[in-house]
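>>> heads up, no residue letters with this:
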């Protein structure tokens, strides 16, 4: 009976990883209003630190490979990106890209399944069934934070990709921030200071599946619980042009026999909630890129899904290219020389070690 309850609790938790928050949690606090006033004052005092083009990358598991396709097109076409803010897989791709990890390497760790394996360990369902016995395992010693998987494997993969595992966001040439939800206060936070591996892992930690990530006085999990597409945070940076990449799966009708597996039900529930959650998050963007990611699951080690997502990301970015170029021209923003490699291009709008504009961005309200 205990095993049955544990399994039910686990499924409910996975169901809720992207659930919209309660209406009461959406009220803007007086503290946040003060932060907004401070942000505006600092932007007036330091206008040179405003990015010209900001990019918001949404979460969506394997579908996040579409971000690689979008960034690849931007590189080839000389679209300058001065600031990236991402959530979940958007934080993984965006954060590592800002840290000069090549797009080819990012695509490789998704294609070979090594990154997704951090979320889908062997005998996952056995871990769920044996969860009630954890009290005996930790008898007489402190229990770790709840999660079927420690998250250490995800950290190891991120550290191996980074040029320096101790690299901090403050030292990036292209400023970056990630969205994560604190279990302590239940709010979405903009993480823009500290080690890249900690920030990225916090934003991409699916609650109950991976253990929450402790940073300072908070315990963080996937930002998709509250804010899956951080368009507002990109806008708060003061950028002239904000581009959002939404990677939700279109909710087209599927036959009943499709839902004979837990994976199918899980994907459908998450897709439905993410679509609703992101519906009004795109409103602050000047350009919204929407790759067609039909039937691409949230979690899968299948290489074909990664390749399809990358391809659709490239297609969607090229479709919006005329509008992007027109908007850049209107804002007086020049294109940068097309990049030949696959590392992040740096437009020079912000120098190394400059304060990231996200440091003053408001927490999601």
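Looks like it arrived, so ask away. Predicted model, so just to flag it, every value in this text is computed and none were measured.
>>> so where does the spatially closest residue to residue 313 that is not a sequence neighbour fall, helix or strand?
What sits nearest to residue 313 in space, not counting adjacent residues and going by Cβ to Cβ, 6 or more residues apart in numbering, is residue 69, at 2.6 Å. Where C-beta positions appear, they are placed from N, C-alpha and C, glycine not excepted. Taking DSSP states H and E as the definition, residue 69 sits inside helix 65-77.
>>> and if you look at residue 59?
Since the elements are taken from DSSP H and E, residue 59 ends up inside neither a helix nor a strand.
>>> count residues in the vicinity of it, would you?
For residue 59, the tally of surrounding residues (other Cβ atoms under 10 Å) stands at 33.
>>> any idea how far residue 315 is from it?
Shown here: residue 59 relative to residue 315, a distance of 21 Å by Cβ to Cβ, to the nearest Å.
>>> just give the number of residues close to residue 186.
When neighbours are defined as other Cβ under 10 Å, residue 186 has 12 of them.
>>> for residue 315, helix, strand, or coil?
Under the three-state scheme (DSSP: H, G, I helix; E, B strand; the rest coil), residue 315 adopts helix.
>>> swap that for residue 95, please
Relying on three-state DSSP, one would call residue 95 helix.
>>> circling back to that earlier point, and the next helix or strand after the helix holding residue 69, which strands flank it?
Elements were assigned by DSSP H and E; along the chain past helix 65-77, the next helix or strand is strand 83-87. According to DSSP bridges, strand 83-87 has the following sheet partners: strand 53-57 (parallel), strand 176-182 (parallel).
>>> what about strand 83-87, average pLDDT?
If you average the pLDDT over strand 83-87, you get 97.
>>> what does that strand contact?
Strand 83-87 is touched from outside by 51, 53-59, 67, 92-95, 97-98, 174-179, 190, 203, 222-224, 227-230, 233-234, 237, 239, 350, 356-358, 361, with contacts defined as Cβ atoms under 8 Å, 6 or more residues apart in numbering.
>>> let's see it at 6 Å
If you take Cβ atoms under 6 Å, 6 or more residues apart in numbering as the criterion, strand 83-87 is touched by 51, 54-57, 59, 94, 98, 175-179, 203, 223-224, 228, 230, 233-234, 237, 357.
>>> now do the strands in the stretch 151-300 of the chain.
Taking DSSP state E, counting those that start in this stretch as the criterion, the stretch 151-300 of the chain contains strands spanning 176-182, 188-191, 213-215, 218-222, 241-245, 287-289.
>>> residues near residue 321, how many?
The local packing count at residue 321 equals 16, with neighbours defined by other Cβ under 10 Å.
>>> over to residue 318?
For residue 318, the count of nearby residues is 16 (other Cβ under 10 Å).
>>> how about it: what's its closest non-neighbour residue?
Leaving out its chain neighbours, residue 318 is closest to residue 73 (Cβ to Cβ, 6+ apart), at 5.7 Å.
>>> same thing with residue 119?
residue 299 (5.6 Å).
>>> how about the contacts made by the one you found?
Under the criterion of Cβ under 6 Å, 6+ apart, the neighbours of residue 299 are 61, 116, 119-120.
>>> one step back: residues in contact with the residue nearest to residue 313?
Counted by Cβ under 6 Å, 6+ apart, residue 69 has contacts 310, 313-314.
>>> returning to what we had before: and which of the contacts of residue 299 is nearest to residue 319?
Minimum separation from residue 319 among these (Cβ to Cβ) is found for residue 61, which lies at 23.0 Å.
>>> okay, now that closest one: neighbour count?
If you count neighbours by other Cβ under 10 Å, residue 61 ends up with 26.
>>> that one and residue 338, how far apart?
Noted for residue 61: a distance of 30 Å to residue 338, by Cβ to Cβ.
>>> about what we covered before: do I have it right that the residue nearest to residue 318 meets residue 314?
Yes - between residue 73 and residue 314 there is a contact at 5.3 Å, judged by Cβ atoms under 6 Å.
>>> helices of the stretch 151-300 of the chain, residue ranges please.
152-161, 196-203, 231-236, 262-278 (DSSP state H, counting those that start in this stretch).
>>> any idea which of those scores lowest on pLDDT?
Among the helices of the stretch 151-300 of the chain, helix 262-278 carries the lowest mean pLDDT, at a mean of 62.
>>> check contacts around the closest residue to residue 67 other than its chain neighbours.
With Cβ to Cβ, 6+ apart as the measure, residue 93 is the residue that lies nearest to residue 67, at 4.3 Å, once sequence neighbours are left out. The neighbours of residue 93, taking Cβ under 6 Å, 6+ apart as the test, are 64, 67, 106.
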